[in-house]
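S.K.: need a structure here:
(one chain, ligands or ions: 1)
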Amino acid sequence: MTTTRVALPDGVSLATRLDGPEDAPVIILSNSLGANLAMWDGQIDLLTRKYRVLRYDQRGHGGSDAPPGAYGFDMLVADVVALMDHHGIERADFMGLSMGAMTGMGLALAHPDRFGRMVLADAKSVATDAYKAMWDGRIETIRTEGIGKVAEASLGLWFTEDFRAAHPDATEAARRMIAATDPDGYISSCHALRELDYLKDLPRIALPVLYLCGGEDKGAPPDEMRHMAEVTPGARYVEIPAAGHVSNINRPEAFNAAVAEFLGL
Ligand SMILES: O=C(O)CC1=CCC(=O)O1
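M.R.: Numbering: from 1, shown residues only. Predicted coordinates for the structure are as follows:
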C-alpha cells in the first residue's frame, strides 16, 4: 500500500493515502484507536465510485508520528483541517469510526463550513467517571504488560465471537495492527478519550449525520448511540445486527449498504 507522509504546520507528519478519481468530491476517513488507515480497505471500492478518498493514520498510530504528551480532540480535529489545507480541499464528506467518529463530531462542531455529510460509527460522546477509570486502567496495562496484552483483549470488543471463529485471518490481522501501534501514541490517544465531552454539544450539529452502531458493540453501546442520534438535529441512526465495535470490518456488507444509502452511492 502506498502511503505518503504529510508534514503539518505543527511539525507532526501524518501517513496518508489517496484513492479514486482525482477530480471527484473528497471524503476523509479517520481510524479508531489502535487501528490505521488499512481498517477502511473494505469500504474503498464502494467509496471510489463517487469520491476521491483521503485516509490517514491518526497521530500516534500506524505510519504517523507519535509526538509525546497527552492528545486532545482539539488536536485531532486540527490535524484533519491541516490535512485538508495541505491538499487544497475546501470541503469534504467525512467518515470516522470510534475515535475517528469522535474526531468527526469535533469537526462538525468547529468547522461546519468545511464539511458536508458525516458518517459517525461506533462512537461514544462523553466520558463518564467509569469510562475515565477504564482508560486509566488501560494506560497502566500498557505500561506494565505492553500493548500486546491490549491487542489480545481488544479483539473480543472489536468483533463478535462468530466473526472471530469464521475469520481467523482477519482477526489475526487486526491483532497485529493494534500490537504494531506505538505504545506511547496509544497512551497519548487514551488521554483524549478520557476527556471526551461532546454529548452536550451534539444539538448544535448542523450537518447531515448518519450514526452507525454494531448491535453488539460494547465499546459504544446502541442505547448510547440512539440517544446521540435523538439529540443531533436531523440525524439518522442505523444499527448493524451481529456486529461488534469495529462494525465496518465485522459486517462490511451491512455497513456499506447503510453508507451507500446515506451518501447516494
Ligand atoms: O478500544 C476500545 O475500548 C474502544 C475504542 C474506544 C475509542 C476507540 O477508537 O476504540
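S.K.: for the protein, what spans make up the helices?
M.R.: Listed in chain order, the helices of the chain (DSSP state H) span residues 41-47, 73-87, 99-110, 129-145, 147-158, 161-166, 168-179, 183-194, 222-231, 247-250, 252-263.
S.K.: deepest-packed of these, please.
M.R.: Neighbour counts (mean count of other Cβ atoms under 10 Å) averaged over each of the helices of the chain peak at helix 247-250, with a mean of 27. To be clear about C-beta, it is placed using only N, CA and C from the backbone, and glycine gets the same treatment.
S.K.: picking that back up, nearest to the ligand, out of the helices of the chain?
M.R.: helix 99-110 (3.3 Å; Cβ to the nearest ligand atom).
S.K.: now the closest one and helix 73-87, what's the angle there?
M.R.: Counting by axes from the mean of the first three to the mean of the last three Cα atoms, to 10 degrees, helix 99-110 lies at 80 degrees to helix 73-87.
S.K.: and helix 99-110, average pLDDT?
M.R.: In this model, helix 99-110 has a mean pLDDT of 98.
S.K.: name the helices or strands packed onto that helix?
M.R.: Judged by 3 or more Cβ pairs under 8 Å, 6 or more residues apart in numbering; DSSP states H and E, the packing partners of helix 99-110 are strand 26-30, helix 73-87, strand 92-97, strand 115-121, helix 183-194.
S.K.: how about the ones you listed in JSON lines, adding distance to Gly234?
M.R.: Listed next are those as JSON lines, based on distance: least, Cβ to Cβ, whole Å:
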{"stretch": "strand 26-30", "distance to Gly234": "20"}
{"stretch": "helix 73-87", "distance to Gly234": "22"}
{"stretch": "strand 92-97", "distance to Gly234": "16"}
{"stretch": "strand 115-121", "distance to Gly234": "11"}
{"stretch": "helix 183-194", "distance to Gly234": "27"}
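S.K.: which among those is found nearest to Ile249?
M.R.: Shortest distance between Ile249 and the helices and strands packed on helix 99-110, using Cβ to Cβ, is found for strand 92-97: 9.2 Å.
S.K.: specify the angle between the closest one and helix 252-263 in degrees.
M.R.: Orientation note: strand 92-97 sits at an angle of 150 degrees relative to helix 252-263 (the same axes, to 10 degrees).
S.K.: export the helices and strands packed on helix 99-110 to TSV and tack on distance to the ligand?
M.R.: Conversion of the helices and strands packed on helix 99-110 to TSV gives the following (distance: least, Cβ to the nearest ligand atom, whole Å):
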stretch	distance to the ligand
strand 26-30	10
helix 73-87	11
strand 92-97	7
strand 115-121	10
helix 183-194	5
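S.K.: picking that back up, how about the helices of the chain, which one is nearest Val53?
M.R.: Among those, helix 41-47 comes nearest to Val53, with 5.0 Å by Cβ to Cβ.
S.K.: reformat the helices of the chain as CSV; add distance to Ala123.
M.R.: Output for the helices of the chain, formatted as CSV (distance: least, Cβ to Cβ, whole Å):
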stretch, distance to Ala123
helix 41-47, 16
helix 73-87, 11
helix 99-110, 4
helix 129-145, 12
helix 147-158, 14
helix 161-166, 20
helix 168-179, 18
helix 183-194, 10
helix 222-231, 7
helix 247-250, 11
helix 252-263, 14
